[in-house]
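1. Give me a model of this one.
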Amino acid sequence: MSKKKNISQFRNIGIMAHIDAGKTTVTERILYYTGKSYKIGEVHDGEAVMDWMQDEQDRGITITSAVTTCEWKKSLIQIIDTPGHVDFTVEVERALRVLDGAIGVFCAVGGVEPQSETVWRQADRYSVPRLAFINKMDRTGADFFGAVSSIKEKLMANPVMLQLPMGAEDNFAGVIDLIRMKQITWDDETKGAKYSEDGIAQEYEEIAQEYRENLLEAISEVNDDIMEKYLSEEDIATEEIIKAVRTATILRQVVPVFCGSALKNKGIQPLLDGIELFLPSPLDVPPIKGIHPDTEEELEFLPRKNGPLAALIFKVSMIEGRKLSFARIYSGRIEAGSDVFNPLSKKKEKLSRILKMHANKRERLKEATAGDIIGIVGLKDSGTGDTLCSQEHPVFLEKMEYEDPVISIAIEPKTHADQEKLDNVLEKFTIEDPTLKVSQDEETGQTILSGMGELHLEIIISRMLKEFKTNVNVGNPQVVYREVVTSVAKGHAVFEREISGRAHFAEISIRLEPLGRGEAISFESEVNDDQIPPQYIPAIEKGIRESLEGGYLKGYPLVDAAIVIEDGRFDDRSSELAFSVCASMACKDALEHASISLLEPIMAVEIFVPDAFMGDAISDLNARGGKVESINPKAGIQVIKAVVPLARMFGYSTALRSASQGRGTFSMQFSRFDRV
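-> Sure, this is the predicted structure:
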C-alpha cells in the first residue's frame, strides 16, 4: 500500500443490487483493474475473492458483506460488497450506515428488481449519494433505456446518463462518454485491462449529440451557472460539467448512469473514474452526529485525525472462532495496543490488533484514522451498533434498527458431543447476526431458531455443519404469528404477598384497546398521584409489556394495542416489584375478557416466468391462498406480483422450478401482518 492518502481522496462505497444483477462480478473486476487481484475470480466458478465463505461459493450468492480496499488514480477506495438476497437485508443495512456513497448495479434485462428497490430505499434512509451501473449489456434482451426509465419510475430517482452503450446483446461493443464525447472500446486479449478512447463513430454521432443535450439540460436544472451558459448557448467546459455533476450527485439531486458488461470486462474503468469524480469523500458528507450519554446533548464530529475519537462497529464476524469487529472511524485516531471506551457497557476495551481488510485476507496496521474502515481484534464486550470513543469525550452514535424475524425452525443436537458445541455455535451466530434469534420452547425443550426467511435459516444450518462440524436435526419451519385484541377489555388485580420476609401490596385496574395495524403497543396512565405514585408507573409498564410478549392465545407476542391504567391503590407496603407483578396479573385478566385474533405474516412475492408457464404459476399461487396484484410482460417473461401468506410458501422454490421446467425465479419479502 502506498503512503497514507489525504482524507479528501478516500471513497467509502458500497456495491448494492438485487440478487444476480452482477454486484460481485463488478467488484471482482474493480479489484483486478486496480491491481488488487492478479486474476479475475468468477462467481460461477466459485472463485470470487469477495465470496470467500464456503456457502457463498457453493451457491454463487453473497451472504456476508465483505470489505476490501484498493487504489485508483489518486483515490483510496474502500468497498463493501453487500448481499442481494432479501434474507440478508441486515447486511446491507449495516453497510449503508457507515458508507459515504454507493453504486447501484442493475441488470440491463431485469432493470429495477424487488430487492434493488429495498436496498435503494435503505440508501435513501441513510441519505447516501449513488451512481447507477447498468450491467449485463451483452445479455439477450438487454435494454439500456428501459433500465434507466425503470430507475426513474420505480425508484423515483433522477437518473442522468453520462454514457450510452454502443450496441447491445451480442453486438455490445463499448460505451460513449457523453461528457468528453469519446467512444471507449476494450481489448479482449488483455481481459479488458487495455482500452482505447477515440472520436465517436459516424453511426453514433447523432444519438450521442442528442443525449449530450439531455445531459446538459438535466444538469442545468440543478446548477445555475450551467443553466446560464446552456440558455445563452455558450460552450461548457468538460471540467465545469464534471464539477456540476459531482455537486448534484453529492446533494442527491441526480444519479449518474454508467453501463457495461462486467462479465465481458467492459465498462469498469470509467465506473472507477466515476467513483473518484462524483462520489463524496468523508469531507463532502454532513459530519456524523451523536448524543452525550450523560447530558443527552447533541454532538457533531468532523472527519479530523486530531479530533475526539468516534467510531462505529457495524458488523461482527466470528472467523475461525475469533471475534473480528468491523468499524468505521468518523473522527480521531486509534493505535494498535491502545484502549478505547464503550459508553454502552461503560467499559474500556483493548485493541490488540488493527487490520486493513481485503475480503478474508488482512494486513496489520499500527494506527487508523478518520475515514478508515478497519477490522479490530481484541474487543470482548462490544457488539454490532456499539460506539467506540475516548473516556474524556463519551458519545453514543445512532443505533441501528432491525426487523423482527418472520420464520422459525426447531433444532436439536444429534449427539451428546453436538449438544456441547451447539450453545457455543449459536452464541457466535447471534453475535454476528442481530436478525437471528434463539429461544427455548419450554414445552418441548427444543431450541428455536428464528430468522428472516427459509434461505437465511438454511445457511445457518449449513454453516453449523461445514464451519463448526455441529450436526443437528431440523424440525419443519414454523411461522412466527402475532396476536391482536379486537375488542376493548378491562382487567383488575390485587397483589398481596410476603416475599423474603417483607410484605408487598399493589392494586391496579387497566383497559386494553385495539389499535390500527402496525401501531405497536402504546401505554398511558389516567391515574393521579394519590392513586399510584409516579415512581411506580415505569414498573407497571414493564410488567405489562413483558406480559404481552407471551401473548394469550398461542404464546405469540401481542401487538397493536393501547394499554391505559384506569385506577389503582397503594399503601406503605407497596413496591416496584408488587406493581410490576400486579400489572402483569391485571393484563392477563384483561386478556381473558378480550376477543383475540391471530395475525400471520403476508409476503410480497414477485415471480418471473416465461409466457408458456404463466397459467401454471398463477394456479399454484391461487392454491396457496395468494392474491395476484399485477401481471406485466417483459421481453418474453411475465412478471407476476402477488401477496401470499408465508405459511403457504414453504417449498415454493421447488414447486416453481417443476412448474416452469426450471426457468422460473422469484423473490419474496415481508409485506405486513394480516388476520389469519
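
2. doesn't residue 531 fall inside a helix?
-> No. Under DSSP: H, G, I helix; E, B strand; the rest coil, residue 531 sits outside any helix and is assigned coil.

3. tell me the secondary structure for the residue lying closest to it once chain neighbours are set aside?
-> Nearest residue to residue 531 in three dimensions, chain neighbours excluded: residue 568, at 4.9 Å (CB to CB, 6 or more residues apart in numbering). Every C-beta, even on glycine, is put in place using the N, C-alpha and C of the backbone. For residue 568, the assignment made with three-state DSSP gives strand.

4. what's around residue 568, how many residues?
-> Here the number of neighbours of residue 568 (other CB atoms under 10 Å) works out to 27.

5. Equivalent analysis for residue 276, please.
-> Neighbours of residue 276 (other CB under 10 Å): 16.

6. so what's it closest to, chain neighbours aside?
-> residue 75 (4.5 Å).

7. in the chain, which strand has the most residues?
-> strand 596-610 (DSSP state E).

8. still on that earlier bit, tally up the residues packed near the residue nearest to residue 276, please.
-> 21.

9. re earlier: can I assume the residue nearest to residue 531 is in contact with residue 530?
-> No. Between residue 568 and residue 530 there is no contact under CB atoms under 8 Å: 9.9 Å.

10. Please, where are all the strands along the stretch 401-550 of the chain?
-> Taking DSSP state E, counting those that start in this stretch as the test, the strands found in the stretch 401-550 of the chain are 407-413, 437-440, 447-451, 472-474, 478-479, 482-485, 489-499, 502-514, 521-525.

11. Show me the least confident stretch of those, going by mean pLDDT.
-> The weakest mean pLDDT among these belongs to strand 478-479, with a mean of 75.

12. Residues touching that strand, excluding its own?
-> By CB atoms under 8 Å, 6 or more residues apart in numbering, the residues outside strand 478-479 that reach it are 406-410, 448, 600-601, 646-647.

13. Can you show me the strands along the stretch 551-676 of the chain?
-> Under DSSP E, counting those that start in this stretch, the stretch 551-676 of the chain gives strands at 561-569, 596-610, 627-634, 637-645, 665-675.

14. Residue 340 is nearest to which of those?
-> With CB to CB, the closest approach to residue 340 among these belongs to strand 665-675: 36.4 Å.

15. follow-up on the earlier one: of all the strands of the stretch 551-676 of the chain, which one is nearest residue 331?
-> strand 665-675 (35.7 Å).

16. In terms of secondary structure, what does that closest one contact?
-> helix 114-125, strand 596-610, helix 652-659 (3 or more CB pairs under 8 Å, 6 or more residues apart in numbering; DSSP states H and E).

17. Identify the residues contacting residue 278.
-> Residue 278 neighbours (CB under 8 Å, 6+ apart): 131, 242, 245-246, 249-250, 256.

18. Tabulate the strands of the stretch 551-676 of the chain in CSV, adding columns for distance to residue 659 and mean pLDDT.
-> Listed next are the strands of the stretch 551-676 of the chain as CSV, based on distance: least, CB to CB, whole Å; pLDDT from 0 to 100:
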stretch, distance to residue 659, mean pLDDT
strand 561-569, 41, 94
strand 596-610, 8, 87
strand 627-634, 15, 88
strand 637-645, 12, 89
strand 665-675, 11, 79
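
19. right, so of these, which gets closest to residue 23?
-> strand 665-675 (15.0 Å).

20. Just put the strands of the stretch 551-676 of the chain in JSON lines and tack on distance to residue 420.
-> What follows is those, written out as JSON lines (distance: least, CB to CB, whole Å):
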{"stretch": "strand 561-569", "distance to residue 420": "42"}
{"stretch": "strand 596-610", "distance to residue 420": "34"}
{"stretch": "strand 627-634", "distance to residue 420": "47"}
{"stretch": "strand 637-645", "distance to residue 420": "38"}
{"stretch": "strand 665-675", "distance to residue 420": "35"}
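
21. one step back: confirm for me that the residue nearest to residue 276 is in contact with residue 8.
-> No. Counting by CB under 8 Å, residue 75 does not reach residue 8; the two are 9.4 Å apart.

22. Quickly list what the residue nearest to residue 531 is bridged to.
-> Assessed by DSSP bridges, residue 568 has beta-bridge partners residue 508.

23. Phi and psi next, for the residue nearest to residue 276.
-> The phi and psi values for residue 75, taken as degrees, to the nearest 10, are phi -100, psi 150.

24. what's near enough to touch it?
-> 5, 9-11, 275-276.

25. rerun that using 7 Å as the cut-off
-> 9, 11, 276 (CB atoms under 7 Å, 6 or more residues apart in numbering).

26. what about residue 655, neighbour count?
-> So residue 655, with other CB under 10 Å, has 18 neighbours.

27. My guess is it contacts residue 620. True?
-> Yes. Here residue 655 reaches residue 620: they are 5.9 Å apart, a contact under CB atoms under 7 Å.
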